[in-house]
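A.B. asks: Below is the sequence, then the predicted model.
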Amino acid sequence: MRTFVLFVCAALLAPTLHAQKQEGPPAPAIRIGEKTVTLTGLTPGGNVALFMMSREPDVFITRSRQQGESLTANDEGTAEYAPDFAIPTHSVWAVVDVASGAYAIACGFGDCKPFESTIDGTQAVRSAAGTKPMLEIPAQRADVFLIRPKSGVWIGGMGDGGETDEDGKMDGKATLSLEKFEPFREKTPPPGELQKGDLLIVFQPLSLRFSVIGVSP
């Protein structure tokens, strides 16, 4: 389990379910309760990756949290997560069925759509001749989850101008090479390059904005 906690000043967010549109078998779904998060529509017995980011006001500061959990679906294709902390109202949750790559995103405050941002996959992935494959995300700070169906999940933390920013510049975007991603569950090295079918979920914890990038040729 990975937990990151930081404190930032912020305004309250207005309430707003985003889910992947998918033909065929039922897609994953998230139901957020007062004490548990229930996941359905998963591959029976399959691995499940669950991610969360939240921001909650606390007197003079806003508490920001990111959480990652690895779960296993039961024979009915469901899983339940009961955190050891109160489920924040101002939270964004993403579940990924690792076997299929199917996903769903839901928010504790209602409709997620206003917080979804579009990132051009072609612009986000840079792989010039003679250079290492690189992600370039237009954000001050981002946590990126790389999912390769049937293979694994990896996590990369990015910060504009910070130690993890490959160009070291405050230029409105954060960059990170694929080799610096860390395994989410298994101790499997990150892939050397992205391939068709890979999925990138980008969380921007300072704003609760998120993006989903499907890698195509």
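C.D. replies: Alright, I've got the coordinates.

A.B. asks: Which parts of this protein are helices?
C.D. replies: When secondary structure is read from DSSP state H, the chain shows helices at 121-124.

A.B. asks: quick one: low-confidence ranges for it?
C.D. replies: 1-26, 122-123, 126-131, 217 (pLDDT under 70).

A.B. asks: mind running it again at 80?
C.D. replies: When residues are selected by pLDDT under 80, those of the chain lie in 1-26, 57-59, 120-134, 164, 166-168, 186, 216-217.

A.B. asks: For Gly78, which non-adjacent residue is spatially closest?
C.D. replies: Let me fix one detail, which is that residue 78 is Thr and not Gly. Nearest non-adjacent residue to Thr78, counting by Cβ to Cβ, 6 or more residues apart in numbering: Thr40, 4.9 Å away. To be clear about C-beta, it is placed using only N, CA and C from the backbone, and glycine gets the same treatment.

A.B. asks: Counting neighbours, what do you get for the one you found?
C.D. replies: Applying the criterion other Cβ atoms under 10 Å, we find 18 residues in the vicinity of Thr40.

A.B. asks: Now do the same contact list for it.
C.D. replies: If you count contacts by Cβ atoms under 8 Å, 6 or more residues apart in numbering, Thr40 has them with Pro26, Pro28, Ala29, Arg31, Gly77, Thr78.

A.B. asks: Ser216 too?
C.D. replies: Gly121, Lys196.

A.B. asks: what do you get if the cut-off is 10 Å, keeping everything else the same?
C.D. replies: Contacts of Ser216 were listed using Cβ atoms under 10 Å, 6 or more residues apart in numbering, and they are Gly121, Thr122, Leu194, Gln195, Lys196, Gly197, Asp198.

A.B. asks: Now a PyMOL select for only the buried ones of these.
C.D. replies: Selecting the buried subset of these in PyMOL, with 16 or more other Cβ atoms under 10 Å as the burial test, is done by:
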select buried, resi 121+194+198
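
A.B. asks: Distance to Ile213 for the contacts of Ser216 - can I get that in JSON lines?
C.D. replies: Listed next are the contacts of Ser216 as JSON lines, based on distance: Cβ to Cβ, whole Å:
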{"residue": "Gly121", "distance to Ile213": "5"}
{"residue": "Thr122", "distance to Ile213": "10"}
{"residue": "Leu194", "distance to Ile213": "9"}
{"residue": "Gln195", "distance to Ile213": "13"}
{"residue": "Lys196", "distance to Ile213": "12"}
{"residue": "Gly197", "distance to Ile213": "12"}
{"residue": "Asp198", "distance to Ile213": "9"}
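
A.B. asks: Return the member of the contacts of Ser216 nearest to Ile147.
C.D. replies: Out of the contacts of Ser216, the one with the shortest distance to Ile147 is Asp198. That distance is 6.9 Å, counting by Cβ to Cβ.

A.B. asks: follow-up on the earlier one: would you mind checking the contacts of Thr40 for buried ones?
C.D. replies: Neighbour counting over the contacts of Thr40 (16+ other Cβ under 10 Å) leaves Pro28, Ala29, Gly77, Thr78 as the buried ones.
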